[in-house]
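Peer 1: structural data only, the sequence is not supplied:
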């Protein structure tokens, strides 16, 4: 190991800051792909520790290497795994090293780097990524310390400031938008396509606003049944949901499919069968589950993740002071951790 091992602390990848939605879809990883990527990178020569974080708005690789030069090779390996040309990747990629990488991890965990600034889901997603990497023995002294401290810093920033005032989350923003479009949600029917956390949180937010008629459809019927039962709703066989679209007002798509599960023809037919009564479609998946061409139809309100983020950040000016306070807390804690890690790794070296 070199004399200053922390000079090889890094994070690279793509996020909403520089990568448009249609490009982010190419980098989307499901759980199995994340685990496969983790194993590939951990076995690369010169890699000491690594972690893969994949969410709706980012795909990032964190790690510690024996030399800063190794990161170039890791980025090439990353592109090969995804089947993406390196030149295309470089148009949208970012890379941070050393203290900047550490501070970035703190900002991500806290939600300050999120597309919806201050959103709450990201902390759970980072914790899951960390748990997977740790269980696979891909993390060590530096990344363990970094992420555990980032969770503490996130808690401190949230408790000492108002960055998440209004309980910013995909679910809450989607529910508020639904209420704006349909008015009284008690009379609306909702269908969730996908049984994961995003669909569950959105359904819970809608139920909290008075919606009681919730159905779920998923490739695994038992998962759909379990989620539907938690809301007192019904499960629908995934092969049949297209035929039943006409019966619902709000459709939330959040499956892990890497293709469109709702196309223009299917939605148009459902519109005709419900006398063109409006549809509210929420595409919360990455890659997207709904063909954007659906938005060309009349009586369709189609929103994706970028749309919800724009709505959520409309009141950003009101929270700028709280965001500045949160950043101050995070920078202080990041600097303290950086000094601790430098002392510790210097002793080991």
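Peer 2: Arrived safely. Remember, predicted model here, so these are calculated numbers, not experimental data. Numbers count the residues shown, from 1 in each chain.

Peer 1: sketch out the low-pLDDT regions of the stretch 101-250 of the chain for me.
Peer 2: 164-167, 184 (pLDDT under 70).

Peer 1: can you give me the strands in it?
Peer 2: 189-193, 213-218, 234-237, 250-253 (DSSP state E, counting those that start in this stretch).

Peer 1: which secondary structure elements does the third one sit against?
Peer 2: Spelled out, that is strand 234-237. Helices and strands touching strand 234-237, by 3 or more CB pairs under 8 Å, 6 or more residues apart in numbering; DSSP states H and E, are strand 213-218, helix 221-230. For every residue, glycine as well, the C-beta is placed using N, CA and C.

Peer 1: out of these, nearest to residue 43?
Peer 2: helix 221-230 (32.3 Å; CB to CB).

Peer 1: for the closest one, which positions count as buried?
Peer 2: Using 16 or more other CB atoms under 10 Å as the test for burial, helix 221-230 gives 221, 224-225, 227-228.

Peer 1: ok, back up a step: export the strands of the stretch 101-250 of the chain as JSON lines, with columns for distance to residue 79 and mean neighbour count.
Peer 2: As requested, the strands of the stretch 101-250 of the chain are exported to JSON lines (distance: least, CB to CB, whole Å; neighbours: other CB atoms under 10 Å):
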{"stretch": "strand 189-193", "distance to residue 79": "31", "mean neighbour count": "25"}
{"stretch": "strand 213-218", "distance to residue 79": "32", "mean neighbour count": "25"}
{"stretch": "strand 234-237", "distance to residue 79": "39", "mean neighbour count": "17"}
{"stretch": "strand 250-253", "distance to residue 79": "28", "mean neighbour count": "26"}
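
Peer 1: what's the distance between residue 276 and residue 177?
Peer 2: Separation of residue 276 from residue 177 (CB to CB, to the nearest Å): 21 Å.

Peer 1: likewise residue 217?
Peer 2: 22 Å.

Peer 1: on that earlier part again, now the helices and strands packed on strand 234-237 as CSV including distance to residue 91?
Peer 2: Shown next, in CSV, are these (distance: least, CB to CB, whole Å):
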stretch, distance to residue 91
strand 213-218, 35
helix 221-230, 37
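
Peer 1: near residue 271, how many other residues are there?
Peer 2: Neighbour count of residue 271, defined by other CB atoms under 10 Å: 20.
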